[in-house]
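Chemist: Need the 3D shape of this:
(chains A and B)
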Amino acid sequence: MNTNNIDTILSSLDGISRAEAKPYMHTRIHARMSNAEQLSVWDKAIYFISRPAVIAASVILFLGLNALSLVNIGSEETENDEAIATVSNNVKDYSTINNIYDLENTEP
Amino acid sequence: MTEQEIIHGLKQKDAAAFAALITQCQNMVYNTALGILQNEDDADDTTQEVFIKAHDSIAGFKEQSSLATWLYRITINKSLDHLRARQRKSRWLMSTWFGSNETAIEATEFNHPGVQLERKEDAAKLFKTIKKLPENQMIAFVLQKTEGLAVAEIAKAMDMNITAVESLLARAKANLRKWLKE
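Modeler: The predicted structure follows:
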């Protein structure tokens, strides 16, 4: 495209007149404001919950809580393992001092 | 109704003041939104949002700028919100259906109703190229061309200094010239 054509295109908006808004703007704005006021608490709650930022924050919170609970369960299991190991060691110790008594044989 | 009366009335939640604001400024807001969004339905929707925002936040208007400048700022922000939402939607559709990260280029060409008949074809080419500009350059260029604002007025509307706006306009024109040549 030559320079003259480009200049013509660039100057095509010179002297442009203002576009006019569609009729009954005032009435339509009022209707929109009335509709917004008539929204019930539930409508507003649903509108709030369905916002992308709220959804993203909820998902992050949910995943965070899950991760936290998994970490906690892991540490509890470690404690339980330690407790079980201690008990089984103690049982082994007891077996060395346990005697088997033959209660039916009354003879010395 | 004067500007002061409108501002005072809006702060008192006066319906007549709100009606006067809409009557006096609807074409200014609509034309600005139309230049940015290049879609009549989106511009109409944005115009309504701008006036509702003005109605709800008039208490925060400190009168350090004119009412028109304040409305221009709201219009720019609302239009950019609309534009970004449209681009996000377009990018999502393109990546979902075509596996591409590029946004879909709108096939329909935009004809501004205020352009003279003999310039319509050139203006449509220019509007198509304007879409490629970075946001700030596009806003400055649209305000200058479609609203006929002076650099100082654009600076106030965009909350920038005059030198920065002059630089934006120069870069916008250079980019448009480069892309039109291709």
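
Chemist: Which helix or strand lies directly C-terminal to the helix or strand hosting B:Ile76?
Modeler: Assigned by DSSP states H and E, B:Ile76 belongs to helix B:67-98. Counting by DSSP H and E, the element after helix B:67-98 in chain order, helix or strand, is helix B:120-130.

Chemist: Report all helices and strands that the helix or strand just after that following helix contacts.
Modeler: Downstream of helix B:120-130, the first helix or strand assigned by DSSP H and E is helix B:135-146. In this structure, helix B:135-146 packs against helix B:15-37, helix B:67-98, helix B:120-130, helix B:151-158, helix B:162-181, with contacts taken as 3 or more C-beta pairs under 8 Å, 6 or more residues apart in numbering or on different chains; DSSP states H and E. C-beta: built from backbone N, CA, C; applies to glycine.

Chemist: what sits against the nearest residue to B:Lys173 once chain neighbours are set aside?
Modeler: Nearest residue to B:Lys173, sequence neighbours excluded (C-beta to C-beta, 6 or more residues apart in numbering or on different chains): A:Leu10, at 7.0 Å. Neighbouring residues of A:Leu10 by C-beta atoms under 8 Å, 6 or more residues apart in numbering or on different chains: B:126, B:173, B:176-177, B:180.

Chemist: For A:Leu10, give its distance to B:Ala54.
Modeler: Going from A:Leu10 to B:Ala54 by C-beta to C-beta, to the nearest Å gives 34 Å.

Chemist: May I ask which of the contacts of A:Leu10 has the most neighbours?
Modeler: Compared across the contacts of A:Leu10, B:Leu126 has the highest neighbour count, 24 neighbours, by other C-beta atoms under 10 Å in any protein chain shown.

Chemist: need the residues of chain A near chain B, please.
Modeler: Taking C-beta under 8 Å from any C-beta of the partner chain as the contact definition, chain A meets chain B at A:1, A:6, A:8-10, A:12-22, A:25-26, A:28-29, A:32-33, A:36.

Chemist: so the lowest-mean-pLDDT helix or strand in chain B versus helix B:15-37, what angle?
Modeler: Within chain B, no helix or strand scores below helix B:67-98, which has a mean of 86 by mean pLDDT, DSSP states H and E. Helix B:67-98 and helix B:15-37 are oriented at 50 degrees to each other (axes from the mean of the first three to the mean of the last three C-alpha atoms, to 10 degrees).

Chemist: quick one: helix B:67-98 to helix B:151-158, angle?
Modeler: Orientation check (the same axes, to 10 degrees): helix B:67-98 against helix B:151-158 gives 60 degrees.

Chemist: which parts of helix B:67-98 are buried?
Modeler: B:67-76, B:78-80, B:82-83, B:86 (16 or more other C-beta atoms under 10 Å in any protein chain shown).

Chemist: Go through those and say which is closest to chain A.
Modeler: B:Thr75 (12.0 Å; C-beta to the nearest C-beta).

Chemist: my read: that closest one touches B:Val50, true?
Modeler: Yes - between B:Thr75 and B:Val50 there is a contact under C-beta atoms under 8 Å: 5.1 Å.

Chemist: intersection of neighbour lists for the two?
Modeler: With C-beta under 8 Å, 6+ apart as the test, B:Thr75 and B:Val50 both reach B:29, B:33.
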